[in-house]
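**Q** attaching a predicted model along with its sequence, questions to come.
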Amino acid sequence: MTQSGYHYLKTYMLATVVYDLTVEFYNRFLSEREFLRLREQGIHAARSGRQNIAEGYEEKSLQSYIKLLGVADASLEELLLDFQDYLRQRKLSLWNKDDERVRAFREIRVFWIDENTLNTPILPENPVEAANLIITLISQTTYLLSRQMDSLEVKFIREGGYREKMFKKRLDHRSGSRP
């Protein structure tokens with residue numbers, strides 16, 4: 001089966017890993033009934049990050065693609081806050097980006113093992129380490145999403161959008177069909 005182009009985007013692969021680890025984290029560390037709404041919202045934010053990358057990629061409109069990447073970024077930022085809240089409310093440590101453990105997490109490179117399996121890291125048993133791993137992966141994803149949006153904005157400025165291209169084709173067609 002041939003995969004769509006978004007399947008190979010680093011942002012999509014990282015967002016997929018974030019989604020999978022988020023589901024596992026919430027099921028393991030926030031499984032009590034009192035956390036049901038929080039768990040649903042966190043999992044939804046992680047899923048939204050991933051799904052909007054895919055949906056945006058499939059859009060014909062570059063403007064819509066950029067907008068959906070922005071939605072993905074906002075969903076992942078919401079999820080990031082949830083993980084930071086988890087640590088803060090339990091008086092657990094949020095590791096600094098220069099912490100050697102975070103640096104080790106940043107060395108993780110995500111790739112497809114087969115068409116449906118990423119080399120997703122194993123979620124640590126310790127909730128502090130697990131939350132900081134996911135925070136690091138979210139931060140990497142949002143950083144790359146920002147760069148992806150910047151690149152698409154430059155492309156939009158240079159090439160124009162879908163409507164502009166269709167209008168140009170229409171004008172070209174009209175001018176070519178006249179005697």
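**A** Yep, it's here.

**Q** isn't there a helix covering Ile108?
**A** No: assessed with DSSP: H, G, I helix; E, B strand; the rest coil, Ile108 is coil; it does not lie in a helix.

**Q** all helices for this structure, in order.
**A** Taking DSSP state H as the criterion, the chain carries its helices at 10-29, 36-58, 62-89, 100-106, 127-159, 162-177.

**Q** ok, residues contacting the second one?
**A** If you take CB atoms under 8 Å, 6 or more residues apart in numbering as the criterion, helix 36-58 is touched by 4-6, 9, 11-12, 15-16, 18-19, 22-23, 26-27, 30-31, 64-69, 71-73, 75-76, 78-79, 82, 141, 145. C-beta here means a position set from N, CA and C on the backbone, and glycine is covered the same way.

**Q** those residues, buried ones only, as a ChimeraX selection?
**A** To isolate the buried members of the contacts of helix 36-58 in ChimeraX, using 16 or more other CB atoms under 10 Å:
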select :6,9,11,12,15,16,18,19,22,23,26,30,65,66,68,69,71,72,73,75,76,78,79,82,141,145
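
**Q** give me the number of residues near Ala45?
**A** If you count neighbours by other CB atoms under 10 Å, Ala45 ends up with 22.

**Q** oops, could you answer that again for Ala130 instead?
**A** Neighbour count for Ala130, taken as other CB under 10 Å: 20.

**Q** report the contact partners of it.
**A** By CB under 8 Å, 6+ apart, the neighbours of Ala130 are Leu21, Phe25, Arg28, Phe29, Leu123, Pro124.

**Q** what about these, which one has the most neighbours?
**A** Phe25 (24 neighbours).

**Q** OK, contacts around it?
**A** Contacts of Phe25 (CB under 8 Å, 6+ apart): Leu123, Pro127, Ala130, Ala131, Ile134.

**Q** deepest of the helices of the chain, which one?
**A** helix 10-29 (a mean of 21; mean count of other CB atoms under 10 Å).

**Q** and the helices of the chain: which comes nearest Asp114?
**A** Between Asp114 and the helices of the chain, the tightest spacing by CB to CB is seen for helix 10-29, at 13.2 Å.

**Q** got the angle for the closest one vs helix 127-159?
**A** 160 degrees (axes from the mean of the first three to the mean of the last three CA atoms, to 10 degrees).
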